[in-house]
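> Turn this into a structure:
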Amino acid sequence: MNEHYPRVRLYSVISGEQRSLYIRESVSLTFYMKRPHQEIVQEVMRCLEVYLRAIGPQVLGWYADPYSGDWEELDDKGWAYIRRLMLEEPVAQIWLSESPSETTGYEFLYRGRLLKKNVTSALSFILPTEYLEAHGPGHVRELALELAAKLPLSSGHGGLCFNYPESVVGTTDAIRDMSFRHPGLDIPGFHFDSFSIGTRVKGVHWLNFLGQPVLGELGGAAGLRARLRSPGTTVQELDGERAVVTLGTWPEAGDTEQGRTLPEYRELAHVLEPWLYMDRGNWGGFSDEDMRRWERRFLD
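Numbers count the residues shown, from 1 in each chain. Predicted structure coming up:
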């Protein structure tokens, strides 16, 4: 157990023998952009280059083919295929990973959409907590800021999450109890959230990126700063009428059994409540009541 978050290591068992890690704690840097895919594809590709420089160019070794669903090796041919999908198609669904069979904590996900009402293009970079521990939270925050600087984001966040393959039905059954005990561990719903989040804000995290129109409705960075009193909270104004709210030096999972309820997260949640995205469908293992309780975990 790290002092800031628990070690989450849940394994699936294949044929009664081989174990495969399928749920772990990780760090997610995720951004939502109310822009169509072809308008932002160059920025997205530049962000992928930044991520690869940070983790090493050989770490991501596999991609999920969006047409067959099969995992394929990310060799020179694979990279050429990914670039063609990104540059030539009107929409894009990209999932790159270190391993095709285990959740290692290194992943790149992108959903480039055509715009309709609340449909939003979304981009996510996953890092294992071992990377956070090796390089420090300051380095991870600077990486998040470098990525955000290249994107026309409406909102975004960086912080702890349960890292698991979203496409596997029933996976979230195993994390229900932990999710209520550790409210700072997000449960990602990247694919489905991008269909309906629009310009709203997806919860409260260690790093909270706010763009327009939400930041303007809060009175800008100065207006937001005036509403936040927690000593570890900072509000930094960014270019393009944007800001990032940082809740402490480290991302925290909290622990309700030990009275660590993350008051700075709760404070920001109450400030952002009118703009929070709370329209997610149910996960496996979560009732309707569970779902609403989890979404309001920093409010009630």
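
> Mind giving me the packing neighbours of the top helix by length along the chain?
Identified as the longest helix of the chain according to DSSP state H is helix 37-55. Packed against helix 37-55 by the contact rule (3 or more C-beta pairs under 8 Å, 6 or more residues apart in numbering; DSSP states H and E) you find helix 76-88, strand 107-112, strand 121-128, helix 137-149. In this view, the C-beta of every residue, glycine as well, is placed from N, C-alpha and C.

> Please repeat the previous calculation with a cut-off of 6 Å.
Here helix 37-55 is seen to pack against strand 121-128, helix 137-149 when contacts are counted using 3 or more C-beta pairs under 6 Å, 6 or more residues apart in numbering; DSSP states H and E.

> what are the pairing partners of the first one, and which direction each?
Spelled out, that is strand 121-128. When sheet partners are counted by DSSP bridges, strand 121-128 sits next to strand 18-33 (antiparallel), strand 107-112 (antiparallel).

> Check which residues of it are buried.
121, 122, 123, 124, 125, 126, 127, 128 (16 or more other C-beta atoms under 10 Å).

> Return the residues in contact with the nearest residue to the second one once chain neighbours are set aside.
What that stands for is residue 122. Distances taken as C-beta to C-beta, 6 or more residues apart in numbering put residue 194 closest to residue 122, at 3.8 Å, once the chain neighbours are dropped. Counting by C-beta atoms under 6 Å, 6 or more residues apart in numbering, residue 194 touches 111, 120, 122.

> Tell me the one of the residues you listed nearest residue 27?
Relative to residue 27, the closest of the contacts of residue 194 is residue 122; by C-beta to C-beta it sits at 16.7 Å.

> these two touch, right, that closest one and residue 111?
Yes. The pair formed by residue 122 and residue 111 meets the contact definition of C-beta atoms under 6 Å, at 4.8 Å.

> Between strand 18-33 and the lowest-mean-pLDDT helix or strand in the chain, find me the angle.
Taking all helices and strands of the chain together, the one with the lowest average confidence (mean pLDDT, DSSP states H and E) is strand 9-14, at a mean of 84. Using axes from the mean of the first three to the mean of the last three C-alpha atoms, to 10 degrees, the direction of strand 9-14 lies 120 degrees away from that of strand 18-33.

> who are the neighbours of strand 9-14, in terms of helices and strands?
Contacting strand 9-14 under the criterion 3+ C-beta pairs under 6 Å, 6+ apart are the following elements: strand 18-33.

> residues of the strand it packs on that come out buried?
For strand 18-33, the buried set under the neighbour-count rule, 16+ other C-beta under 10 Å, comprises 21-33.

> average pLDDT for that strand?
Strand 18-33 comes out with an average pLDDT of 93.

> going forward, begin numbering at 26 instead of 1
Got it, first residue is 26 now, which makes that one strand 43-58.

> Dump that strand to PDB, restricted to CA.
Written as PDB, here are the backbone C-alpha positions of strand 43-58 (Å, rounded to 0.1, in the frame of the first residue of the first chain):
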ATOM      1  CA  GLN A  43      -2.100 -19.000 -16.500                       C
ATOM      2  CA  ARG A  44      -2.800 -15.800 -14.700                       C
ATOM      3  CA  SER A  45      -3.100 -12.500 -16.500                       C
ATOM      4  CA  LEU A  46      -3.200  -9.000 -14.900                       C
ATOM      5  CA  TYR A  47      -6.300  -7.300 -16.000                       C
ATOM      6  CA  ILE A  48      -7.100  -4.600 -13.400                       C
ATOM      7  CA  ARG A  49      -4.500  -2.300 -11.800                       C
ATOM      8  CA  GLU A  50      -4.100   1.200 -10.500                       C
ATOM      9  CA  SER A  51      -2.600   3.700 -13.000                       C
ATOM     10  CA  VAL A  52      -2.500   7.400 -13.900                       C
ATOM     11  CA  SER A  53      -4.700   8.700 -16.600                       C
ATOM     12  CA  LEU A  54      -4.200  12.000 -18.500                       C
ATOM     13  CA  THR A  55      -7.400  12.500 -20.500                       C
ATOM     14  CA  PHE A  56      -8.700  15.400 -22.600                       C
ATOM     15  CA  TYR A  57     -12.100  16.100 -24.200                       C
ATOM     16  CA  MET A  58     -12.300  18.400 -27.300                       C
END
